[in-house]
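Participant: Got a predicted structure plus its sequence, pasted below:
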Amino acid sequence: MATITYGSGAGFSRSTSKTFEYIAPQDKDGAVADNILKYTRTETTTETVTTTFGAPEIGGEDAISASITWSVDEVIVDPSSAGAVPPAARTYNPRAEASATVLGPFTASTFSLDGTTFETLSTEKAETAGDVVKTNIRGVYYGTGGSLTVGSIAAGGTIRSEKRWSNTDFLRTTATTVAFAGS
């Protein structure tokens, strides 16, 4: 009988994914001759439920929900031999994307959320008979933040982080880290 494994302790959850990066060299006729393992990549995402309850106010309006996702672009130099760690892996272009639903109209060209000022990309106002006015807003900020690793991630680092607010739940934060190995 298989042993049942239970999840992590109260207050956080974790998911791990491992990918095997292969190269498929072709022979002289274009057919794949072999699959060679370049390296493995492990991403671990940890979510934490904080003690902060509810969603923040945005532009003077109450928010129903809001989220910020910090991310970076990556460049990875493939190793020169099979089953080896990449000799260089770097991140660049840190940015944050925010989205929120607020009660009431919203028309500003910028908005602040969690201490960051976002350029408004779009707003969608919904006026439904018998319901309050709701506006969905999206924004972007280019710059560092969110505990991201900018620069070398050859030894690992944080490539994505997120905060999610809801007016009916506790603030949830996630962080995704990456690590590389040979085979």
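Facilitator: Thanks, I have the structure now. Numbers count the residues shown, from 1 in each chain.

Participant: what's the helix or strand for the residue nearest the centre of the chain?
Facilitator: Centroid check for the chain by Cα atoms, centre = their mean gives residue 160 as the closest residue, at 3.8 Å. Taking DSSP states H and E as the definition, residue 160 sits inside strand 157-166.

Participant: if I look at residue 86, how far off is residue 17?
Facilitator: According to Cβ to Cβ, to the nearest Å, residue 86 stands 17 Å off from residue 17. (Glycine included, C-beta is placed from N, CA and C.)

Participant: Counting neighbours around each, name which of the two comes out higher.
Facilitator: residue 86 (18 against 10; other Cβ atoms under 10 Å).

Participant: pLDDT value on the more buried one, please?
Facilitator: In this model, residue 86 is scored at 86, pLDDT.

Participant: now the strands for this structure?
Facilitator: Using DSSP state E, the strands of the chain run over 12-23, 36-53, 57-58, 61-77, 88-103, 110-113, 116-126, 134-142, 151-152, 157-166, 170-181.

Participant: Please identify the pairing partners of the second one and their relative orientation?
Facilitator: Based on DSSP bridges, the strands next to strand 36-53 in the sheet, each with its direction, are strand 12-23 (antiparallel), strand 170-181 (antiparallel).

Participant: Over to the fifth one?
Facilitator: Here strand 88-103 is paired, per DSSP bridges, with strand 61-77 (antiparallel), strand 134-142 (antiparallel), strand 151-152 (antiparallel).

Participant: these two touch, right, residue 152 and residue 88?
Facilitator: Yes: contact criterion Cβ atoms under 8 Å: residue 152 and residue 88 qualify, at 7.3 Å.

Participant: Return the residues in contact with the closest residue to residue 102 other than its chain neighbours.
Facilitator: Leaving aside its sequence neighbours, residue 102 sits nearest to residue 61 (Cβ to Cβ, 6 or more residues apart in numbering; 3.9 Å). Residue 61 is in contact with 102-106, 135, counting by Cβ atoms under 8 Å, 6 or more residues apart in numbering.

Participant: Could you do residue 147 as well?
Facilitator: Per Cβ under 8 Å, 6+ apart, neighbours of residue 147: 70, 158, 161, 175.

Participant: Using a markdown table, please lay out those together with neighbour count.
Facilitator: Converted to a markdown table, the contacts of residue 147 look like this (neighbours: other Cβ atoms under 10 Å):
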| residue | neighbour count |
| --- | --- |
| 70 | 25 |
| 158 | 18 |
| 161 | 21 |
| 175 | 18 |
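
Participant: ok, those vs residue 27, which is closest?
Facilitator: residue 158 (41.0 Å; Cβ to Cβ).

Participant: Please report how far the closest one lies from residue 151.
Facilitator: Taken as Cβ to Cβ, the span from residue 158 to residue 151 is 12 Å.
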